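>>> starting from these lines, generate the structure:
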Amino acid sequence: MTLRDVAEHVGVSAATVSLAMRGNERISAATRERVLAAITELGYVYQRSAASLRTSMTQTVGVILNNVSDPFFSSLLASLEDALTASGRTAFLCHTNEVISRQTDFVRKMAEYSADGLIVCPAVGTTTAHFRLGQGGIPPTVFVSRAVFELGFDYVINNDREAARMATNRLLRQGHRRIAFVGGDTRVSCFVERFSGYRESLDRASVGFDPALVRSSVPTRKAGFDAASWIASLSPRPTAAVCYNDSLALGLMAGLQRDGLYPGRNFALIGSEDVEETGMTNPSLSVTAVDRDEMGRRAAAALIERIDHPEAPQQRIVLRPELIIRETCGFRIPSES
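Model (predicted):
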């Protein structure tokens, strides 16, 4: 079964069939539906390897994420895949679990298979050296959520510094002065920016920074749960916390209640990302929200633009966060006056 056989069956040219299968806008929806129906009926399989020799494009994109079990990244992946599929491209996924060697191997394989591009949330500890493959280099690359800024690649990230400022400022306005910062890794751009925003807010409010209130950790629910005992053991004890992400915050919330601290009643807590569960917990979790759908759409669009225009200026896309106040921010420190 050949492409020409499909064309004769439908009554169109072979070029029309080829364009229809690639989703080209020059082909009407009705014609494309007829072509796709004929392909199914006749059992034709499109030979993309042969097509890539003619166009030097494989219509494939590698997507590298660090933890697809995290609700933030699973929803980001869905957004990325929807946008790439709409552009006629197929996504291949690498789940690094923060292992750099997995990331490096996948980047090399995507280069070997001539992927059109990569969308990457770099693993913890990624440096410029991990994106050097010698002759031929790597495919066009866009960083998403995190970035290694020194590489000069396009990126789509959240304004993490502003998000942390918004959260910390809210707690300061509620009278809190002992505010913990929980989770994250100093080798990750998101942590650096969020921690900087936290420090800036304390400085502007003339609240002394106490390193004893900062706890680095992996961004998981278990790490948040374990951090509750650390908070309960501090003296003087914090009255509020800003968490690196929602998974940490949800785990911390459960651990705090075990130790007699109840967010919204005698402790204040703010997470980051606004995954679906945060609005359905009891109490509901206050967060700085990231629009994951927009992040995925814009990362895919940035990659397509880079593929089409390799010499275009670097795209630096920084999304605006939103502070969403829910029940865990209900606790205020009474004014001394």
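>>> tell me the buried residues in whichever strand or helix holds Glu8?
Assigned by DSSP states H and E, Glu8 belongs to helix 3-10. Judged by neighbour count (16 or more other CB atoms under 10 Å), helix 3-10 contains these buried residues: Leu3, Val6, Ala7, His9, Val10. (Glycine included, C-beta is placed from N, CA and C.)
>>> low-scoring pLDDT stretches of this protein, where are they?
45-56, 133-136, 336-337 (pLDDT under 70).
>>> which residue ranges make up the domains of it?
Listed domain ranges for the chain are 3-46, 58-158+292-319, 160-290+323-329 (source: automatic domain parsing).
>>> how about JSON lines for those domains, with distance to Ser335 added?
Shown next, in JSON lines, are the domains of the chain (distance: least, CB to CB, whole Å):
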{"stretch": "domain 3-46", "distance to Ser335": "61"}
{"stretch": "domain 58-158+292-319", "distance to Ser335": "33"}
{"stretch": "domain 160-290+323-329", "distance to Ser335": "6"}
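>>> for these, which one ends up most surrounded?
domain 160-290+323-329 (a mean of 20; mean count of other CB atoms under 10 Å).
>>> measure that one end to end?
20 Å (CA to CA, to the nearest Å).
>>> about what we covered before: export the helix holding Glu8 as CSV, just CAs?
Backbone C-alpha positions of helix 3-10 (Å, rounded to 0.1, in the frame of the first residue of the first chain) are rendered in CSV as follows:
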residue,chain,number,x,y,z
LEU,A,3,0.7,7.0,-0.7
ARG,A,4,-0.3,7.0,-4.4
ASP,A,5,-2.8,4.2,-3.8
VAL,A,6,-4.4,6.3,-1.0
ALA,A,7,-4.5,9.3,-3.4
GLU,A,8,-6.3,7.3,-6.1
HIS,A,9,-8.8,6.0,-3.6
VAL,A,10,-9.7,9.5,-2.5
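>>> and the angle for the helix or strand just after it with helix 3-10?
Scanning forward in sequence from helix 3-10 by DSSP H and E, the next helix or strand is helix 14-21. If you take axes from the mean of the first three to the mean of the last three CA atoms, to 10 degrees, helix 14-21 sits at 90 degrees to helix 3-10.
>>> helices and strands around helix 14-21, which ones?
Applying 3 or more CB pairs under 8 Å, 6 or more residues apart in numbering; DSSP states H and E, we find helix 14-21 packed against helix 3-10, helix 29-42.
>>> what's the strand or helix carrying Glu193 in contact with?
Assignment of secondary structure by DSSP H and E places Glu193 within helix 189-204. With CB atoms under 8 Å, 6 or more residues apart in numbering as the test, helix 189-204 has contacts from 145-149, 157-165, 167-169, 172, 179, 181, 184-186, 208-209, 214, 216, 242, 244, 272.
>>> and that helix, how far out from the chain middle?
Put simply, helix 189-204 sits 19 Å off its chain's centre (CA atoms, centre = their mean, to the nearest Å).
>>> alpha carbons only: can I get that helix in PDB?
Extracted C-alpha coordinates of helix 189-204, given in PDB (Å, rounded to 0.1, in the frame of the first residue of the first chain):
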ATOM      1  CA  SER A 189      17.000  28.300  39.400                       C
ATOM      2  CA  CYS A 190      13.500  28.200  40.900                       C
ATOM      3  CA  PHE A 191      14.900  27.800  44.400                       C
ATOM      4  CA  VAL A 192      17.400  30.600  43.900                       C
ATOM      5  CA  GLU A 193      14.700  33.000  42.700                       C
ATOM      6  CA  ARG A 194      12.100  32.000  45.300                       C
ATOM      7  CA  PHE A 195      14.600  32.200  48.200                       C
ATOM      8  CA  SER A 196      15.800  35.600  46.900                       C
ATOM      9  CA  GLY A 197      12.200  36.900  46.900                       C
ATOM     10  CA  TYR A 198      11.800  35.700  50.500                       C
ATOM     11  CA  ARG A 199      15.000  37.400  51.600                       C
ATOM     12  CA  GLU A 200      14.100  40.700  49.800                       C
ATOM     13  CA  SER A 201      10.700  40.900  51.500                       C
ATOM     14  CA  LEU A 202      12.200  40.300  55.000                       C
ATOM     15  CA  ASP A 203      14.900  42.900  54.300                       C
ATOM     16  CA  ARG A 204      12.300  45.500  53.100                       C
END
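>>> which is the next helix or strand following that helix?
For helix 189-204, the succeeding helix or strand toward the C-terminus, using DSSP H and E, is strand 214-215.
>>> mind listing the strands that next one pairs with, and their directions?
strand 179-182 (parallel) (DSSP bridges).
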